[in-house]
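Student: Provided below for reference: sequence and predicted model.
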Amino acid sequence: MKKIVMVSLLVWTMFSLYAKVHAADTTMMNAVFKIQGYAYDNISDMYVLKQYGSAVLVADNMLLTNAHVVTDNNDAFTLQYEACQTISDQEPPKCFSTLQLMKYDKNSDLALLQIVNPSSNMPDPVTIWSGRLDVGSNISIIGYPANGGQTITTTQWTIAWFENNYYKTDANVDEGNSWWWSFDSAGEFIGIPTFVVNGQTTLWYIIPTDTIKSFLAWSIGTTYKVKYATAFDKWLKSTYVQQEKTSVDNPLFTTPDYSVLGLNLDLIVEKKANNLYNYSFRNANDSIVDMISLIATDNVAVTRYISSVMKQLKESQLNPTKSTKKIGNTSWTVIMFWDADWIGYDYIQTSSNNKTYLEFTVLVDKEDIKSDLADLLAFVEDTTIKKSSIKPQPFNIPIIKLSSKRDISIVKWIRNEGLTINIFPVNGKYAADVHIDIWEKWDTLRSFTKQFLEYYDGLWYTTKSETSKYPTKASVFSVIDENDTMSVNILGLKKNWSNTVFIHVSAQLTSESTKQEVVTLAYKIFGLE
């Protein structure tokens, strides 16, 4: 039996009848949109990007896509959607509006979404072709593959056969290159892929236009009746305002104008209730500046955090060296690290009156050091914490409330991964800091534990399951690495309002006798003691 592999949820596919597609490239590209799916995250109190793909404009303000592109990991329609308009093959698409899911049909794998706030320069809808392609017809693909970068991509395939009302193509691609659209040389739309079969050869199955026309005529499919999330629309509009800014403007820190350095604001993560921020900047050479705000109990916590950063870099064989730099009234710890291809700097502001700190990570390809490094480091050094910023509340966080006086902690957000808390023990009984990572939701504690055990097994570490005091709410296992260093891992569940959150606590141990203390601390974090 053929092994059918559903095409990856990250991209779309688009096709054309003839190799002479270039004359209609502009028309076709303008009709191709990128769509992005978001899920609401209770932990960060924001919407988090989960997946992206492509769509085509088939009517005024109506985009057509695969049904499986707009479903979550459980094959349910729980996501909120964003429309991004293709400008040219030289520029990333510009995101501008939310999308309302109007209709879907899982059997034909099609979905229709409406653009809520159309742009002022919407292109004309595509012309849907009538007829059937001949075997051997050349087709061109236009869309946003996972390994195609930020701009639109075009490539060539051939129609191999027609079977069970699907076209088949001889596309030799990986699963990350899924979901494109088809057009002929006149810009007429002719089909959309739905899945790929892998065997001795790779064959894509494409939904032809007669099925698509029936779907668009509302003769098949289910009308989507879930209430539209106006909160998502409001949140997206606030991010669009941020995208137009030439400087980061918030109550925590002042920054120079990053646009003069050719930097674009690539990511914004904000937890304003606790003064937690994460901004990521990127330039044309893919040099990166990642800016993170930290909340710490005191300067000792930051000092120990710096030591843990050094340790992790050494374990990764990235040759770290540490120094201190004074810029005006601001002191920075500077950690330089590198490998064969790139060089990095980690800047950590080491003094603060309000327990709020800044950390910057600068990554530059060695080929671009002369053009990028000086400007990027100057940008970092010119960024300072505002003296008038509101004093944060370090542990006023829905998931974690710590009261232990013997442990000192530091809190931060890392990109879209959620909350990370580093607990540095004052009493010295732990060999290393305790990491508490807030993870996305698994189906069960058992599946959550299995995921971690498989990860450590893949590293050839020795794992051993331990007896848990709360077996239905927490699991405990030990890990011994290749250096015979032991760590204890506690995986637990915690209710956050109506949701169950999965938390991972880990710590390296000096001896077996310290294990129970770490486990007890984890139970307290889970709210079990």
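Tutor: Arrived safely, thanks for sending.

Student: burial of the nearest residue to residue 270 once chain neighbours are set aside, as a residue count?
Tutor: Spatially, and ignoring its direct neighbours in sequence, residue 270 is nearest to residue 277 (5.4 Å; CB to CB, 6 or more residues apart in numbering). The way it works is simple: take the backbone N, C-alpha and C, and place the C-beta from them, glycine included. Residue 277: 23 surrounding residues under other CB atoms under 10 Å.

Student: so what secondary structure elements neighbour the helix or strand where residue 277 lies?
Tutor: In the assignment (DSSP states H and E), residue 277 maps to strand 276-282. Under the contact definition 3 or more CB pairs under 8 Å, 6 or more residues apart in numbering; DSSP states H and E, strand 276-282 sits against strand 264-271, strand 288-296, strand 407-413.

Student: rerun at 6 Å
Tutor: strand 264-271, strand 288-296 (3 or more CB pairs under 6 Å, 6 or more residues apart in numbering; DSSP states H and E).

Student: and the angle from it to strand 288-296?
Tutor: 170 degrees (axes from the mean of the first three to the mean of the last three CA atoms, to 10 degrees).

Student: can I get the CA coordinates of strand 276-282 in PDB?
Tutor: The C-alpha coordinates for strand 276-282 follow below in PDB (Å, rounded to 0.1, in the frame of the first residue of the first chain):
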ATOM      1  CA  LEU A 276       9.200  41.600  30.000                       C
ATOM      2  CA  TYR A 277      10.100  42.300  26.400                       C
ATOM      3  CA  ASN A 278      11.800  40.500  23.500                       C
ATOM      4  CA  TYR A 279      12.700  42.200  20.200                       C
ATOM      5  CA  SER A 280      14.600  40.700  17.300                       C
ATOM      6  CA  PHE A 281      16.200  42.700  14.600                       C
ATOM      7  CA  ARG A 282      17.600  41.400  11.300                       C
END
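
Student: what's the average pLDDT for it?
Tutor: Per-region confidence: strand 276-282 scores 86 on mean pLDDT.

Student: picking that back up, buried deepest among the helices and strands packed on strand 276-282, which one?
Tutor: strand 288-296 (a mean of 23; mean count of other CB atoms under 10 Å).

Student: give me the contact list for it.
Tutor: The contact list for strand 288-296 (CB atoms under 6 Å, 6 or more residues apart in numbering) reads 252, 276-282, 302, 355-363, 376, 392, 394, 410-412.

Student: one step back: which one of the helices and strands packed on strand 276-282 lies closest to residue 40?
Tutor: strand 264-271 (14.1 Å; CB to CB).

Student: tell me the mean pLDDT for the closest one?
Tutor: Here the average pLDDT along strand 264-271 is 76.

Student: can you dump the C-alpha atoms of the top strand by length along the chain in CSV for me?
Tutor: The residue-count maximum for a strand in the chain (DSSP state E) belongs to strand 46-59. Extracted in CSV, the C-alpha atoms of strand 46-59 (Å, rounded to 0.1, in the frame of the first residue of the first chain):
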residue,chain,number,x,y,z
MET,A,46,-0.6,37.1,23.3
TYR,A,47,-1.1,35.4,19.9
VAL,A,48,1.8,33.1,18.8
LEU,A,49,2.6,32.3,15.2
LYS,A,50,2.1,28.5,14.7
GLN,A,51,2.3,28.0,10.9
TYR,A,52,2.2,29.7,7.6
GLY,A,53,1.3,28.9,4.0
SER,A,54,0.1,30.4,0.7
ALA,A,55,-3.3,31.3,-0.8
VAL,A,56,-4.6,32.7,-4.0
LEU,A,57,-7.2,35.5,-4.6
VAL,A,58,-10.2,33.8,-6.3
ALA,A,59,-12.8,36.5,-5.8
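
Student: what average pLDDT does stretch 290-307 get?
Tutor: Here the average pLDDT along stretch 290-307 is 88.

Student: related to what we said a few turns ago, average pLDDT across the longest strand of the chain?
Tutor: In the prediction, strand 46-59 has an average pLDDT of 85.

Student: any regions of the stretch 201-350 of the chain where pLDDT drops low?
Tutor: For the stretch 201-350 of the chain, applying pLDDT under 70 flags the ranges 201-206, 219-220, 224-228, 242-243, 245-246, 272-274.
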